[in-house]
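J.: Please find the sequence and the predicted model below.
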Amino acid sequence: MNRSDFLQEKATFLIGNPHLEELSFYQSFVANHPEEPIGWLHLGREYEKRGERAKALEVFRRGMHLHKHDAYSEEIRDAYQNLLRQKKQPKGLRFLRNSLALLLFLAMWLTIPGTQPVGELTVKAPPPPPAPSQPTAKQGAPFSHTEVIAIPDTVSGPQLDEQLNKYLNQRRTYFTKPFTLLVVPETDGLALFTSLPFYKPELVRGIVSYDPGKQAILSEKWFAHGCSCEDDPLVQATKQQFRQEQVALEQALTLRNALYRHYQRAGKLPTALADLASAYPANMLSAIPQLRVPPSPGDTSNQPTYANWTYAPAAFQPERAWQSLSEVVPLAYYPEPSVPLEPLQVIVYQSSFSMRLMSGPYLVRQYPVGIGKESLTPEGYYTILQKVSQPRSRTNAYGTRGMVFSSANHAMHGTNDPTSIGKSVSHGCIRLHNDDVEELYSFVSPGTEVIISDKKQPSQPWDNAPRFTLPAGQDEETPNVVYHWLD
């Protein structure tokens with residue numbers, strides 16, 4: 001969309017809604033045209049003008065990750081970087097510069113010939129900066145980040161150096177401290193030069209340490225072909241660092257999803273995180289995951305230490321319900337992903353007998369499933385209504401966990417017949433291996449979306465990361481209830 005069409009749409013909106021401000025138009029525009037950079041640019045500028053820097057940064061970040069790129073995309077990137085630089089300036093320096101600018105303006109205004117003061121000149125103070133969010137699990141925690149990307153097998157030498165440097169320089173937008181890149185080989189369907197935070201890196205092409213502040217590669221080590229490199233200390237240490245960050249990200253995503261679904265249902269956040277792990281039917285989660293503190297440099301004790309997650313419900317903003325949860329439950333010790341996390345979704349592809357657990361663009365887990373015969377598993381949009389541990393049936397057919405997703409007694413559950421996975425044999429329910437359903441049960445909460453399609457899933461090879469399982473308690477069981485799900 002060009003500027004003329006945008007301004008015409010803006011004028012039409014404001015004429016038809018004289019009681020609304022420009023901010024309302026920009027919010028409406030990005031909702032109706034989410035792939036138009038011009039809308040995200042003006043919405044971010046409006047927040048910046050209002051002194052709401054955190055919102056402006058969030059809007060600019062989203063605008064930088066649109067599929068569509070035009071001249072306004074570059075303006076978004078420039079506005080984001082300028083705002084970051086302003087944010088990093090010492091408060092005293094900002095105050096001095098603003099004061100000098102104001103004095104210069106007044107001096108020029110008073111010396112204009114024929115200009116006389118009219119009444120009392122009142123200078124409105126700029127809005128105060130947003131209050132800092134509550135500290136994470138440990139004040140002064142060291143920055144740590146390991147990122148996994150795949151690169152083409154056909155690219156090497158100077159061409160690879162050029163492409164890798166472009167990718168690394170682009171990361172300067174998000175990271176300011178040195179970080180590590182764990183490079184894996186290309187496989188069919190795996191996105192290239194894209195962060196893969198939930199991927200399980202088996203084979204390795206290289207390890208690169210990069211300092212975005214100096215725009216320099218600090219060290220790099222490459223392998224002729226992808227290898228497991230089990231005897232290479234650097235590879236094993238890097239994999240371990242990535243896994244520790246991955247676990248923290250899985251935990252944060254699970255907690256935020258549970259809080260988001262709780263807010264959708266109750267209209268407010270719980271008083272404490274522990275309230276999420278209540279007894280059935282209020283069991284949003286089975287337990288609150290333990291946050292592992294990364295070992296200090298040189299620590300060889302291998303003794304894990306844990307900390308409580310920071311919970312700051314006062315930072316919640318209903319108008320930015322999901323986005324503000326990153327401040328309510330901050331990701332301790334590690335940076336937020338460059339492309340923001342999104343609420344969890346379960347997507348079932350019946351023709352492929354497969355299920356995916358997604359967070360926005362990120363594939364978190366993938367499972368094989370069994371479905372209903374003769375198209376008895378319904379297509380469409382659903383949400384998880386309740387979670388049950390050790391669900392009873394007349395034939396003990398439901399395995400170890402169950403999640404009801406429709407009032408017609410459709411559920412996702414385990415099975416006592418593993419051979420049924422990958423087949424159309426049920427009366428409408430979705431079956432998973434017991435290990436898989438226990439992991440899915442740990443990730444999701446009531447209210448999580450379930451989308452069932454008759455299509456085949458997009459081709460993407462995937463090995464799930466090590467299991468993420470929260471122990472289910474007896475208070476999540478319903479021993480006096482015999483379920484009649486459509487198995």
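T.: Looks like it arrived, so ask away.
J.: what about Ile166, neighbour count?
T.: Quick fix: residue 166 reads Lys, not Ile. Neighbour count for Lys166, taken as other Cβ atoms under 10 Å: 10. From N, CA and C alone the C-beta is placed, and that goes for glycine too.
J.: now Leu249
T.: Leu249: 20 surrounding residues under other Cβ under 10 Å.
J.: Regarding it, what is its secondary structure?
T.: Assigned with DSSP: H, G, I helix; E, B strand; the rest coil, Leu249 falls in the helix class.
J.: do the same with Ala321
T.: Quick answer, by three-state DSSP: Ala321 is helix.
J.: Can you give me every residue that contacts it?
T.: Residues near Ala321 by Cβ atoms under 8 Å, 6 or more residues apart in numbering: 260, 263.
J.: and the gap between it and Ser195?
T.: Computed as Cβ to Cβ, to the nearest Å, the Ala321 to Ser195 distance reads 25 Å.
J.: got it, and Glu52?
T.: 27 Å.
J.: Not counting sequence-adjacent ones, nearest residue to Ser195?
T.: Leaving aside its sequence neighbours, Ser195 sits nearest to Glu147 (Cβ to Cβ, 6 or more residues apart in numbering; 5.4 Å).
J.: Could you give the average pLDDT over the helix or strand where the one you found lies?
T.: Using DSSP states H and E, the element containing Glu147 is strand 146-151. Strand 146-151 carries an average pLDDT of 94.
J.: Describe which strands it pairs with in its sheet and in which direction.
T.: Note on strand 146-151: by DSSP bridges, its sheet partners are strand 179-185 (parallel).
J.: could you point out which element follows the strand it pairs with?
T.: The helix or strand immediately downstream of strand 179-185 is strand 204-211, counting by DSSP H and E.
J.: So what angle separates the directions of that following strand and strand 146-151?
T.: Interaxial angle of strand 204-211 relative to strand 146-151 (axes from the mean of the first three to the mean of the last three Cα atoms, to 10 degrees): 130 degrees.
J.: rewinding a little: can you list contacts of the strand holding Glu147?
T.: The contact list for strand 146-151 (Cβ under 8 Å, 6+ apart) reads 160, 163-164, 167, 171, 179-187, 190-197, 199, 201, 205, 238, 241-242, 245.
J.: Show me just the buried residues among those.
T.: Using 16 or more other Cβ atoms under 10 Å as the burial test, the contacts of strand 146-151 include 160, 164, 167, 171, 179-186, 190, 195-197, 199, 201, 205, 238, 241-242, 245 as buried.
J.: how close does Ala411 sit to Gln390?
T.: 14 Å.
J.: meant to ask about Gln345, not that
T.: Applying Cβ to Cβ to Gln345 and Gln390 gives a distance of 26 Å.
J.: tell me the centre residue of the chain?
T.: A centroid search over the chain (Cα atoms, centre = their mean) returns Leu341, at 0.9 Å, as the residue closest to the centre.
J.: Give the phi and psi angles for it, as a check.
T.: Dihedral pair for Leu341: phi -70, psi 160, per degrees, to the nearest 10.
J.: I figured Val364 hits Leu440, correct?
T.: No: at 10.0 Å, Val364 does not count as touching Leu440 under the criterion of Cβ atoms under 8 Å.
J.: Between those two, point out the one with more neighbours.
T.: Higher neighbour count among Val364 and Leu440: Leu440, with 25 against 21, using other Cβ under 10 Å.
J.: For the more buried one, which residues are in contact?
T.: 346, 355, 357, 365, 367, 401, 403, 412, 432.
J.: which intervals of the chain have sub-threshold pLDDT?
T.: 4, 8, 11, 15-16, 18, 87-143, 173, 297-301 (pLDDT under 70).
J.: residue boundaries of the helices in it?
T.: Here the chain has its helices, by DSSP state H, at 3-16, 22-32, 37-49, 53-63, 71-88, 91-110, 157-170, 233-266, 321-328, 434-443.
J.: Check the offset of the third one from the chain's centre.
T.: Per Cα atoms, centre = their mean, to the nearest Å, the displacement of helix 37-49 from the mean C-alpha position of its chain is 22 Å.
J.: Show me what it is packed up against.
T.: Under the contact definition 3 or more Cβ pairs under 8 Å, 6 or more residues apart in numbering; DSSP states H and E, helix 37-49 sits against helix 3-16, helix 22-32, helix 53-63, helix 71-88.
J.: Go through that helix and flag the buried ones.
T.: Applying 16+ other Cβ under 10 Å to helix 37-49 flags 37-48 as buried.
J.: how far off helix 71-88 does it point, in degrees?
T.: Relative orientation of helix 37-49 versus helix 71-88 (the same axes, to 10 degrees): 20 degrees.
J.: List of residues touching helix 37-49?
T.: Applying Cβ under 8 Å, 6+ apart, the set of residues contacting helix 37-49 from outside is 1, 3, 6, 22-23, 26-27, 29-30, 33, 53, 55-57, 59-60, 62-63, 66, 68-70, 72-73, 75-76, 79-80, 83.
J.: From these, keep the buried residues only.
T.: For those, buried by 16+ other Cβ under 10 Å: 1, 6, 26-27, 29-30, 33, 53, 55-57, 59-60, 62-63, 66, 72-73, 75-76, 79-80, 83.
J.: right, and Ala332 touches Tyr311 too?
T.: No: using Cβ under 8 Å, Ala332 makes no contact with Tyr311, being 11.6 Å away.
J.: Compare the helices and strands packed on helix 37-49 and give me the one nearest Leu269.
T.: Closest approach to Leu269 among the helices and strands packed on helix 37-49 (Cβ to Cβ): helix 53-63, 18.5 Å.
J.: on that earlier part again, out of the contacts of Leu440, who's nearest Ile217?
T.: Distance ranking of the contacts of Leu440 against Ile217, using Cβ to Cβ, places Arg365 first at 32.9 Å.
J.: which ones are touching that closest one?
T.: Counting by Cβ under 8 Å, 6+ apart, Arg365 makes contact with 198, 356-357, 439-440, 443, 464-465.
J.: ok, now Asn464?
T.: Neighbours of Asn464 in contact, by Cβ under 8 Å, 6+ apart: 200, 365-367.
J.: Can you pick out the ones from those that are in strands?
T.: Judged by DSSP state E, strands contain the following of the contacts of Asn464: 365-367.
J.: List the buried residues in stretch 458-477.
T.: Across stretch 458-477, burial judged by 16+ other Cβ under 10 Å covers 462, 464-465, 468, 470, 472, 476-477.
J.: out of those, what pair is the most spread apart?
T.: Trp462 and Glu477 (32.0 Å).
J.: Compute the inter-axis angle for the strand of greatest length in the chain and helix 157-170.
T.: In the chain, taking DSSP E as the definition, the longest strand is strand 216-227. Interaxial angle of strand 216-227 relative to helix 157-170 (the same axes, to 10 degrees): 120 degrees.
J.: can you pull the buried residues of strand 216-227?
T.: By neighbour count on 16+ other Cβ under 10 Å, the buried set for strand 216-227 is 223, 226.
J.: swap in stretch 448-456?
T.: Buried, per 16+ other Cβ under 10 Å, within stretch 448-456: 448-452.
J.: Quick one: distance of it to the chain centre.
T.: Stretch 448-456 has its C-alpha centroid displaced from the chain centroid by 20 Å (Cα atoms, centre = their mean).
J.: now swap in stretch 238-252 and tell me
T.: 14 Å.
J.: what's the answer for stretch 290-299, then?
T.: The mean C-alpha position of stretch 290-299 is separated from the chain mean by 23 Å, Cα atoms, centre = their mean.
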